[in-house]
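1. Quick one, structure for this:
(one chain, ligands or ions: 3)
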Amino acid sequence: MTSPAKTTVLGLTDEELIHPGNRACTGCGLSVLYRIGLKALGRDCIFVVPPSCLTVMQGLYPISATQMPVLNGTFASTAAIATGVRAAMKRRGKKTQVVAWAGDGGTSDIGIQALSGALERNEDIIYICYDNEAYMNTGVQRSGTTPRGGLTTTTPYTGKQEQSKNVPEIVAAHNPAYVATCSASFPLDFHDKLLRAKEIKGLKYLHIQTPCPPGWGCDERMTIEIGRMAVECGLFDLYEIIDGTKRLSEPSERLLNKKQLRPLQDYLALQTRFAALTEEQVAGMQKRIDERWKCYREALKEEGQ
Ligand SMILES: Cc1ncc(C[n+]2csc(CCOP(=O)(O)OP(=O)(O)O)c2C)c(N)n1
Ligand code: SF4
Ligand SMILES: [Mg+2]
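-> Ligands and ions are numbered 1, 2, ... in the order given. Below is the predicted model:
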């Protein structure tokens with residue numbers, strides 16, 4: 001497969017679809033994503049957003065940070081509402097993109113049944129999950145995607161005990177039209193994945209790791225660096241699945257040529273949420289990452305690349 005076209009910073013449209021000034025915290029990864037994501041989506045779309053930091057960022061009526069229509073729904077029903085809005089648009093003969101944009105709590109936990117239903121029906125919507133790995137808007141409670149060992153306000157002092165849910169893989173098991181993982185630290189990669197998603201019929205799912213300084217206990221100026229580290233350590237893999245074929249995206253693909261990945265400890269050390277991890281736990285996490293990347297390399301060898 002040839003590499004897809006890449007947008008550079010200079011190639012982004014000058015048009016801003018969010019107003020200057022919003023209620024996001026300083027250093028919020030979501031605010032970067034949202035600004036760049038809207039540039040890819042363009043004006044002809046309607047957002048469906050459940051309770052989350054995004055609702056706060058967008059503002060309460062009549063104050064709004066977004067120039068496009070936004071429908072705020074209940075926590076459990078984002079994908080179901082988006083289904084209905086898309087059906088209404090179709091009835092009116094409109095191509096308007098319907099974009100469900102939810103947090104990890106709203107996706108991996110309470111919204112998962114509505115998402116699973118929409119996936120099964122292969123609804124013609126874009127579903128974006130920005131994953132800041134906890135319920136941030138309500139004070140950093142653990143979610144289904146909080147990493148094991150991570151501290152939140154509702155985990156024991158030893159950190160979360162359970163393995164996190166791999167939502168993109170759960171979604172991929174439904175065989176939708178398009179699945180992609182993205183990072184707030186690679187906004188142009190996200191931008192171009194959205195451009196591709198817009199051209200595909202059926203359900204398109206994008207899952208974005210999104211650093212959150214107050215929730216992760218990191219320096220506000222480190223947002224982009226920390227998200228980059230997650231990718232460079234091989235912890236968070238960027239990929240696309242189109243027609244059932246998985247392909248690593250360039251920031252992750254380039255790791256295949258590296259003899260050694262950046263140590264996971266570099267990433268963990270910058271965040272107080274990982275303060276409870278023991279040396280053995282970190283070593284176990286590092287081992288799992290190394291094994292996964294060994295599998296990627298072996299699969300590539302088998303393909304003869
Ligand atoms: C049924 C229901 N339960 C709880 C809430 C309270 N609530 C609002 S936002 C939120 C957290 C959402 O977390 P997530 O989806 O991860 O988005 P984030 O806040 O991290 O952006 C919660 C628990 C609610 N609005 N509705
Ligand atoms: S709590 Fe985190 S995700 Fe929410 S607005 Fe602040 S930085 Fe962004
Ligand atoms: Mg969240």
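2. helix/strand/coil for L10?
-> Classification of L10 using DSSP: H, G, I helix; E, B strand; the rest coil returns helix.
3. Tell me the spacing between it and ligand 3.
-> Per Cβ to the ion, to the nearest Å, L10 is found 32 Å from ligand 3. Yep, even glycine has a C-beta here, placed from its N, CA and C like the rest.
4. now swap in A269 and tell me
-> 23 Å.
5. now do K287
-> From K287 over to ligand 3 (counting by Cβ to the ion), the distance is 28 Å.
6. does that residue belong to a helix or a strand, and which?
-> Using DSSP states H and E, K287 sits within helix 279-302.
7. So which residues on this protein come close to ligand 3?
-> G103, D104, N132, M136 (Cβ under 5 Å from the ion).
8. The second one against M136, yeah?
-> No. Using Cβ atoms under 8 Å, D104 is not in contact with M136, being 9.0 Å away.
9. out of the two, which sits in the busier spot?
-> Comparing D104 with M136 by neighbour count (other Cβ atoms under 10 Å), the higher total belongs to D104, at 28 against 25.
10. which residues of the stretch 151-300 of the chain fall in strands?
-> Assigned by DSSP state E, counting those that start in this stretch, the stretch 151-300 of the chain shows strands spanning 178-183, 204-209, 239-242, 245-248.
11. now the third one, how far from the centre of its chain.
-> What it means is strand 239-242. When C-alpha coordinates are averaged (Cα atoms, centre = their mean, to the nearest Å), strand 239-242 and its chain have centres 14 Å apart.
12. For that strand, give the mean pLDDT please.
-> The average pLDDT for strand 239-242 rounds to 97.
13. Mind giving me the packing neighbours of it?
-> strand 178-183, helix 187-198, strand 245-248 (3 or more Cβ pairs under 8 Å, 6 or more residues apart in numbering; DSSP states H and E).
14. Contacts for the longest one, please.
-> Identification of contacts with helix 187-198 by Cβ atoms under 8 Å, 6 or more residues apart in numbering yields 4-9, 12, 32-33, 36-37, 39-41, 97, 126, 178, 180, 182-184, 204, 206, 208, 238, 240, 242, 249-251.
15. For the buried ones among those residues, write the corresponding PyMOL selection.
-> Restricted to buried positions by 16 or more other Cβ atoms under 10 Å, the PyMOL selection for the contacts of helix 187-198 reads:
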select buried, resi 7+32+33+36+37+39+40+41+97+126+178+180+182+183+184+204+206+208+238+240+242+249+251
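16. which residues touch the closest residue to G106 other than its chain neighbours?
-> Nearest non-adjacent residue to G106, counting by Cβ to Cβ, 6 or more residues apart in numbering: P50, 4.2 Å away. If you count contacts by Cβ under 8 Å, 6+ apart, P50 has them with N72, G73, T74, F75, A76, S77, T78, A102, G103, G106, G111.
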